[in-house]
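[1] model the following, please.
(one chain, ligands or ions: 1)
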Amino acid sequence: MGLKRQKQAKKTISFYKYNFSVREPFQILIDGTFCQAALKNKIQIKEQMPKYLMGEIQLCTTNCALKELETLGKELYGAKIILQRFQSRRCAHLKDPVPASECLLSMLGETNPHHYFVATQDHTVTAGVKKIPGVPLLYIILNTIVLDKPCQKSLDHVQAVQLGELVSPSQQQSIRSLKEEQGIAQKDGERRGKKRKRKQSHPNPLSCLKKKKKKGGPTPPKKMEQGENKKRIRNKKRKTEGGDNMSTHAITHT
Ligand SMILES: [Zn+2]
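    Predicted coordinates:
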């Protein structure tokens with residue numbers, strides 16, 4: 001049983017790595033319900049999670065999730081102690097905490113750009129996660145951590161991407177616009193615009209000055225006689241010692 005479970009997890013992780021650029025250390029967003037279940041089932045999250053996922057992990061949560069546990073009182077004190085040890089990620093509700101379920105889902109956005117895994121026993125969160133493509137879902141069942149198989153939304157997304165490589169240009173265009181609707185497509189135009197702006201900006205005035213100075217500096221022609229050549233070099237030396245004013249003077253003099 002254990003082997004089969006591990007094999008399934010490996011397959012699922014490769015799916016997310018290949019199709020959604022999920023990378024180690026896996027960012028695992030955990031809520032109080034998962035900690036509570038882990039405590040009940042005597043699961044050491046920090047030890048067992050990396051073994052099960054076969055990779056480095058980073059356990060994290062949000063301030064809202066912590067706040068919610070605090071308000072729920074004594075029964076969840078143990079879960080709170082566990083959750084507190086994890087990194088708290090900045091959410092959008094610093095001043096007015098929202099329910100943990102709402103907060104966790106807000107961390108994912110529409111496309112899970114930070115590649116979060118979500119570890120929860122909360123059905124509201126689970127249902128929300130399944131509406132977003134590319135969010136690996138973890139929960140505890142029968143004393144063990146389980147990585148859920150990719151949801152339909154993830155499978156559909158992957159299929160659409162694969163079709164994009166095979167279909168005609170006109171169909172590709174429609175897929176592209178669909179992606180844009182879902183916010184999946186990259187905004188190339190914006191990036192390019194920024195680059196162009198940078199090119200147009202005025203050069204540093206100081207660098208201009210230096211350039212002029214170089215131009216004015218005498219480069220002795222090769223054919224020149226030795227005596228004159230020496231003189232020129234001496235002249236040059238004096239110029240650099242004398243500073244800017246001196247150098248302009250020397251140039252006008254010769
Ligand atoms: Zn929040």
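[2] next to the ion in this structure, residues from this structure, please.
    Proximity of the chain to the ion is confined to 62, 64, 91, 93, 103 under the rule C-beta under 5 Å from the ion. C-beta here means a position set from N, CA and C on the backbone, and glycine is covered the same way.
[3] let's see it at 6 Å
    Contacts of the chain with the ion, taken as C-beta under 6 Å from the ion, map to 62-64, 91, 93, 98, 103.
[4] show me those that map onto strands.
    Secondary structure assignment by DSSP state E places T62 of the residues of the chain next to the ion in strands.
[5] from the residues of the chain next to the ion, which ones fall inside helices?
    63-64, 103 (DSSP state H).
[6] just put those in CSV and tack on neighbour count.
    Conversion of those to CSV gives the following (neighbours: other C-beta atoms under 10 Å):
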residue, neighbour count
N63, 16
C64, 25
C103, 25
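[7] Three-state assignment for R5, please.
    The three-state assignment at R5 reads helix, by DSSP: H, G, I helix; E, B strand; the rest coil.
[8] you'd agree it is up against V146?
    Yes. The pair R5 and V146 passes the contact test of C-beta atoms under 8 Å, sitting 7.3 Å apart.
[9] so which residues of the stretch 51-200 of the chain form helices?
    Ranges of helices in the stretch 51-200 of the chain, per DSSP state H, counting those that start in this stretch, are 63-72, 77-84, 100-108, 123-129, 152-166, 169-182, 188-200.
[10] among these, which is the most enclosed?
    helix 100-108 (a mean of 21; mean count of other C-beta atoms under 10 Å).
[11] check which helices and strands it sits against.
    strand 57-62, helix 63-72, strand 116-119, helix 123-129 (3 or more C-beta pairs under 8 Å, 6 or more residues apart in numbering; DSSP states H and E).
[12] residues of the first one that come out buried?
    Translated: strand 57-62. 57, 59-62 (16 or more other C-beta atoms under 10 Å).
[13] show me the contacts for the nearest residue to F15 once chain neighbours are set aside.
    Once flanking residues are discounted, F15 sits nearest to P150: 5.5 Å by C-beta to C-beta, 6 or more residues apart in numbering. Counting by C-beta atoms under 8 Å, 6 or more residues apart in numbering, P150 touches 12, 15-16.
[14] show me the shaky parts of this structure.
    1, 165-172, 175, 185-254 (pLDDT under 70).
[15] per-domain residue ranges of it.
    Domain ranges of the chain: 2-150, 154-185, 205-253, per automatic domain parsing.
[16] pick the most deeply packed of the ones you listed.
    Ranked by mean neighbour count, those are led by domain 2-150 with a mean of 17 (mean count of other C-beta under 10 Å).
[17] now the end-to-end length of that domain.
    With C-alpha to C-alpha, to the nearest Å as the measure, domain 2-150 spans 20 Å from end to end.
[18] any idea how far P25 is from whichever residue of the stretch 151-254 of the chain sits closest to the ion?
    Scanning the stretch 151-254 of the chain for proximity to the ion using C-beta to the ion identifies G183 as nearest, at 20.7 Å. Separation of G183 from P25 (C-beta to C-beta, to the nearest Å) stands at 25 Å.
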